[in-house]
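Colleague: I'd like to go over a predicted model; first the sequence, then the structure.
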Amino acid sequence: MNRPVKRTFFWMTVLILVCLLVFPMYIMLKISVSAPRDVFTQNPPYLVRHFTLSHFRDVLASGSVFFAPLSKSVVTALGTSVLSLLLTVPAAYAISRFRYRARYGLILVIFLTRMIPEISIALPVSITFIKGGLFDTVFGLMLAHLVRVLPISCFILVGVFSSFPKELEKQALIDGAGRLYAFFKIVLPLSLRGISVAGIFSFMFSWDEFIYASYLTLSKPTMPLKMYYYISRGNIFSSATYAVIITIPVLIFTFALQRYIRPGYLSGAMKG
Amino acid sequence: MKKPFLFCASAVFLFALISCGPGSGSKDRLTVTMSLGESEWQVMRSKVFPLFESRYGVKVEGIQIESGSLATKLDALQKAGKAEIDVVAQDNMNLAVLVNKGLVEDLSQYEDEIPANTIPSLVQSLKFDGRLLFMPFRPNVQIVYYHKEKFDEYGLEVPRTWEQLRETAKMLKEKEERGRILLKGFGGNPTATQVYEFILQAGGEPYAFDDEGCIRAFAFLQKLWPYAAQGSQRAKWDTTNRMIANQQVYLAQNWPFGVTILVKEYGLDFIGTYSGWKGPHGERHVIGGDVLGIPSISARKELARKFIWFLQSKEVQELLVGELGWPSMRTDAYGQVEEWQKQYYASVQKAMKHGEFRENVTWWPAYVKYVTEAFREIVIEQAPVEETLKKYKKKLEGAKELYRER
């Protein structure tokens, strides 16, 4: 196969994959801005024929029905993101300074927790949380989300710190700086891009979390729970509108993330 | 060096502040869970709860919990020993799991306090092994939705017997080259309830599984299936609304909650409703709806009982008929439904007249499982009716033993 043919084949494959991934999102967006007559026909058109923002207006006009879950989701996701960084930045830095085998082993152990399906541990974890007075609180939900978020965040940050040039750190130590001083003044500022990647990932993992939220929430649902409510009641427009609103921050962060992400961040833990 | 520490300390302080929200277990508050639509919650919060609050001096907090999630949530709270929920309104198709896990209080001693004008068979359906574990609240029944314009276009009458149902299904398929009547073949409660109703109409005893009526009902469904809409294999109660709205199907049975969504919210005025069809043993429908229970963990059981009586009162039942078009559990509660709702409410009332309460059994989940499997084999895959039913009856008997041992 010559080179132009290979390239065409490659781009065709990419295009098909992109279409497959983007199409459901397009349909979701289309329903959220379509008048009912565009949707409730035997052969709904692929393009929006009767554009309307009334579904968004209805959702926004519902007041606390919409804003309470939104604010809870935002606070929970931001809090989880900050908490995860507070815990994983020092942990990942320490792990990254181990020898390769120890580092690799530790990362494997951390990832073992991700191998257990969440649904199977959600009940015992939730019971422990409820006993600890964390039921129906934002802080409780943040801690529960950390179960999901910490391994990923730690994995990314070990990669970040492993790829940090050790010579710079050594130079600071030679110049008389202590370990902590060197970490806060040299390593941390120069690793901020990688740390933001871990923070954004943590935010996104917490933002769309459903299982722990369904166990630990009683009176104030998060956005995914609210969306589930509309889906289970069979209201297609509210479901699509909520789905779009939930997706917007994820899209923004994903595009923002692209600028910062480097392959090394996601593979560094495994590097020798 | 100080800044990061300052940041950490502030963050921890902030989280601590956030986590110190009010607990749900305060003495002057009654927590009630229901699974309702937004308009239904509005009536509850603006008209029903304030009445109780003014009389008893407590705040009623209404919380939305989907029927399928209630058991797991109550289970977690019970195991953690937290009394956060005082009254539950639960779909009567999902009661067995609450009973099997011992999550609700035995209310047998309060049976005499049920209002005298309550539909009598409604109480019997809430007993498990002779114990009254739930109280009646809101009976409900499925009605048939149909596409008025298409029926007019083809000069069709709505089917009122099994034979007419098959003829209509056949004719629609011939005219449109695809099935247009919907059967619920996805499985679970929707399929089991549908089969249960057909068995009643065939004169069978649904739990017998292989009596003459059961065989007749499955045989009819098997013959009907080739004319059913393609979406039937995915059809559940929530997906049915979408298929009717999209005009993928012209005739489907569903609970009346669809009326609010399809007619009031979507404005689809081509949708008509009627009570349903009759089988060889007449028109018979399974009565569903919501019932009330008191979780074992509730710390305010006395107040919870008072709230249940309040919801069962003539005053509240009439309010619910008038505001929401809910059929009443009482024979003496009358209300004036809104104008747009009248024709649909009439269908519900007529179907209720032919309604029958399903005997509640602790092994209902096993019944649902085997009916779903039997439906798939017999109706969808066209397996022989009698021997397949016998096979699943045997499996059900084995499963019943397991439930008895618990």
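Modeller: On my side now, so go ahead. These numbers were taken from a predicted model, which means no experiment stands behind them. Residues are numbered from 1 along each chain as shown, chains lettered A, B, ... in the order given.
Colleague: quick check: the residue of the stretch 51-200 of chain A nearest chain B.
Modeller: Going by CB to the nearest CB, chain B is nearest to A:Phe139 of the stretch 51-200 of chain A, at 2.9 Å. For the C-beta atoms, the positions are set from N, CA and C on the backbone; glycine is no exception.
Colleague: sec struct for B:Tyr145, please.
Modeller: When classified by DSSP: H, G, I helix; E, B strand; the rest coil, B:Tyr145 comes out as strand.
Colleague: next, count neighbours for it.
Modeller: 30 (other CB atoms under 10 Å in any protein chain shown).
Colleague: now B:Trp255
Modeller: Residues lying near B:Trp255 (other CB under 10 Å) number 19.
Colleague: please apply the same query to the one 3 residues further on.
Modeller: Counted by other CB under 10 Å, the residues lying close to B:Gly258 total 26.
Colleague: need the phi and psi values for it.
Modeller: Dihedral angles phi and psi of B:Gly258 (degrees, to the nearest 10) take the values phi -60, psi -30.
Colleague: for it, give me its contacts.
Modeller: A:234, B:145, B:240-241, B:244 (CB atoms under 8 Å, 6 or more residues apart in numbering or on different chains).
Colleague: hang on, the earlier thing: any idea which helix or strand carries the residue of the stretch 51-200 of chain A closest to chain B?
Modeller: Counting by DSSP states H and E, the element that carries A:Phe139 is helix A:138-162.
Colleague: same question for B:Gly289.
Modeller: strand B:285-293.
Colleague: can you get me a residue count around the nearest residue to A:Leu157 once chain neighbours are set aside?
Modeller: In space, and not counting its chain neighbours, A:Leu157 is closest to A:Ala92: 3.3 Å by CB to CB, 6 or more residues apart in numbering or on different chains. A:Ala92 has 30 neighbouring residues, counting by other CB under 10 Å.
Colleague: same check, this time on B:Asp152
Modeller: 11.
Colleague: and it, what's its pLDDT?
Modeller: Per-residue pLDDT puts B:Asp152 at 96.
Colleague: so it: helix, strand or coil?
Modeller: helix.
Colleague: hey, where'd the helices end up in the stretch 51-200 of chain B?
Modeller: Using DSSP state H, counting those that start in this stretch, the helices found in the stretch 51-200 of chain B span residues B:67-80, B:96-100, B:120-124, B:148-153, B:162-176, B:188-201.
Colleague: same check, this time on the stretch 201-350 of chain B
Modeller: Counting by DSSP H, counting those that start in this stretch, one finds helices in the stretch 201-350 of chain B at the ranges B:212-224, B:237-245, B:257-259, B:301-312, B:314-324, B:342-353.
Colleague: worst mean pLDDT among those helices?
Modeller: Among the helices of the stretch 201-350 of chain B, helix B:257-259 scores lowest, with a mean of 85.
Colleague: follow-up on the earlier one: state the mean pLDDT of the strand holding B:Gly289.
Modeller: Average pLDDT, strand B:285-293: 93.
Colleague: list the helices and strands it packs on?
Modeller: Counting contacts by 3 or more CB pairs under 8 Å, 6 or more residues apart in numbering or on different chains; DSSP states H and E, strand B:285-293 packs against strand B:87-91, strand B:135-141, helix B:188-201, helix B:342-353, strand B:355-357.
Colleague: could you name the helices and strands sitting against the last one?
Modeller: In this structure, strand B:355-357 makes packing contacts with helix B:120-124, strand B:285-293, judged by 3+ CB pairs under 8 Å, 6+ apart.
Colleague: out of the helices of the stretch 51-200 of chain B, flag the one nearest B:Gly267.
Modeller: Evaluated over the helices of the stretch 51-200 of chain B, closeness to B:Gly267 peaks at helix B:148-153, with 14.3 Å, by CB to CB.
Colleague: ok so, going back, buried residues, the helix holding A:Phe139. List them.
Modeller: Buried residues in helix A:138-162, counting neighbours by 16 or more other CB atoms under 10 Å in any protein chain shown, are found at A:138-162.
Colleague: ditto for stretch B:285-292
Modeller: Buried residues in stretch B:285-292 (16+ other CB under 10 Å): B:285-292.
Colleague: next one: stretch B:236-244
Modeller: Quick answer for stretch B:236-244 (16+ other CB under 10 Å): B:236-244.
Colleague: next one: stretch B:346-366
Modeller: Judged by neighbour count (16+ other CB under 10 Å), stretch B:346-366 contains these buried residues: B:347-348, B:350-352, B:354-355, B:357-358, B:360-366.
Colleague: which helix or strand contains A:Ala77?
Modeller: Assigned by DSSP H and E, A:Ala77 belongs to helix A:64-96.
Colleague: and the following helix or strand past that helix, what does it pack against?
Modeller: Next helix or strand after helix A:64-96 toward the C-terminus (DSSP H and E): helix A:100-115. Under the contact criterion of 3+ CB pairs under 8 Å, 6+ apart, helix A:100-115 touches helix A:64-96, helix A:138-162.
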